[in-house]
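# Predicted model, plus sequence, below.
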Amino acid sequence: MLEFSNWQGYKVSFNSENFHICSPWQIKNSPVFGPDSDYTTLAISLLNLINSKNIELDSICIDESKVDVEVLKVATGIKELSKEGHWNLVCHDSASLSISKSNSIDVILPTDLMDFDSEKYKQINAAWEKETSMENVSQGAYISSQQYTESLNSRLNLLAQFDDKTIWPPRQLNDEGSVIDNPKIRLSSTCQIESWTKLSAAGAPSEFSIRAPILDGISTVYVSFEEGTYGVFLLTDDQNIQPVIGMKGEIVVRRIYSQEGQIRYGTKVQLN
């Protein structure tokens, strides 16, 4: 039986031909997604694990009804998708998924999951549904689908520019008004907390106004990278850990917000 370990805020187990990932949360012994996770974030995390093992997936079959394939491609670099791939990505009902060479996959679940308050879980899901509705008019800064798509690669892959120093997030002009080259430097996924702020529900940016009261506010961190640049990120929504200056963190992909009926994905910090 495969043993589970922690990876990017999730539970994973694997051997050479089978990889499994599961949410760390449960309600009545059944795994459920955390406040900012779904099948897409699970799939990205599991493919990152496979990449870290230097295993190359020549082709993969994916259930496109549950996974945002375009986001998955950008975040992981996977290119070859087919209906009959050598590998199969299968989404299970139990907030988990598998990537396997087998067409018949036994669902394996960890035993040390954390309990999620059922009422809070319902409220979070209802909030995401309301936020994603086309009838919902976001009160936050408007970012068009085109703007979101164009910046997705640099944001999800932490691609920075260089102009006498490393620059992230990318921008068009330097301090003198000269055009900067396209981002080509990939920052490390680990970072260090330099400072942090917790915003109350009333003080949170308006694009988070539906979910912030349920989450008791949101937290942001200012972090440094070993490449010499800095950035501001949200913390993942399901960690009840207070940041400490000097603490290490890891950049992971999670749901950020929803606009124009579309879930917007981005990077957050998972505290180590």
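Structure received.
# going forward, measure contacts and count neighbours with C-alpha atoms only.
Noted.
# pLDDT averaged over stretch 150-167 - what is it?
Average pLDDT, stretch 150-167: 91.
# Next up, the contacts around P213.
A201, A202 (C-alpha atoms under 8 Å, 6 or more residues apart in numbering).
# Skip ahead from the helix or strand containing it and say which helix or strand is next.
When elements are assigned from DSSP states H and E, P213 belongs to helix 212-215. As assigned by DSSP H and E, the chain's next helix or strand after helix 212-215 is strand 218-224.
# Just checking: what are the partner strands of that following strand?
strand 190-199 (antiparallel), strand 230-235 (antiparallel) (DSSP bridges).
# for it, which positions count as buried?
By neighbour count with 16 or more other C-alpha atoms under 10 Å, strand 218-224 contains the buried residues I218, S219, T220, V221, Y222, V223, S224.
# What's opposite the fifth one in the beta bridge?
With DSSP bridges applied, Y222 shows beta-bridge pairing to S195, V232.
# can you name the farthest residue from the center of the chain?
Of all residues in the chain, E176 has its C-alpha farthest from the mean position, at 34.5 Å, by C-alpha atoms, centre = their mean.
# Quick check: phi and psi on it?
When read as degrees, to the nearest 10, the backbone of E176 gives phi -90, psi 0.
# and it, what pLDDT?
Looking at E176, the pLDDT reads 83.
# repeat for L46
98.
# cool, and Y142?
Y142 is given a pLDDT of 71.
# ok so it is a helix residue?
No - assessed with DSSP: H, G, I helix; E, B strand; the rest coil, Y142 is coil; it does not lie in a helix.
# can you count the residues close to it?
12 (other C-alpha atoms under 10 Å).
# Please tell me how far it sits from D36.
Noted for Y142: a distance of 20 Å to D36, by C-alpha to C-alpha, to the nearest Å.
# now swap in K101 and tell me
29 Å.
# Excluding residues flanking it in the chain, which one is nearest N272?
G249 (5.2 Å; C-alpha to C-alpha, 6 or more residues apart in numbering).
# Contacts only, for that neighbour.
T190, C191, Q192, I193, V269, Q270, L271, N272 are the contacts of G249 under C-alpha under 8 Å, 6+ apart.
# For it, give the beta-bridge partners.
C191, L271.
# and the nearest residue in space to N18 that is not next to it in sequence, how many neighbours does it have?
Ranked by C-alpha to C-alpha, 6+ apart and with sequence neighbours excluded, the top spatial neighbour of N18 is S100, at 4.5 Å. Neighbourhood size, S100 [other C-alpha under 10 Å]: 22.
# is it true that S100 touches L89?
Yes - counting by C-alpha atoms under 8 Å, S100 does reach L89; the two are 6.7 Å apart.
# Do you know the pLDDT at N103?
75.
# What of D68?
95.
# Distance of it relative to Y39?
8 Å.
# Let me see the domain layout of this structure.
What automatic domain parsing lists as the domains of the chain is 5-116, 145-271.
# End to end on the first one, go ahead and measure it.
Its start and end residues considered, domain 5-116 measures 20 Å (C-alpha to C-alpha).
# likewise the last one?
In terms of C-alpha to C-alpha, the two terminal residues of domain 145-271 are separated by 30 Å.
# about what we covered before: quick check on the contacts of G249: which are buried?
The buried subset of the contacts of G249 - by 16+ other C-alpha under 10 Å - is T190, C191, Q192, I193, V269, Q270, L271.
# Please identify which of those is nearest to K11.
Nearest to K11, judged by C-alpha to C-alpha, of these is Q270 at 13.8 Å.
# For my notes, confirm V71 occurs in a strand.
No - counting by three-state DSSP, one finds V71 to be helix, located in no strand.
# can you pull the pLDDT of it?
96.
# Equivalent analysis for R186, please.
94.
# Count the neighbours of it for me.
Using other C-alpha under 10 Å: R186 sits among 13 other residues.
# okay but it is in contact with L158, surely?
Yes - here R186 reaches L158: they are 5.6 Å apart, a contact under C-alpha under 8 Å.
# quick one, phi psi at G217?
Backbone phi and psi, for G217 under degrees, to the nearest 10, turn out to be phi 90, psi 180.
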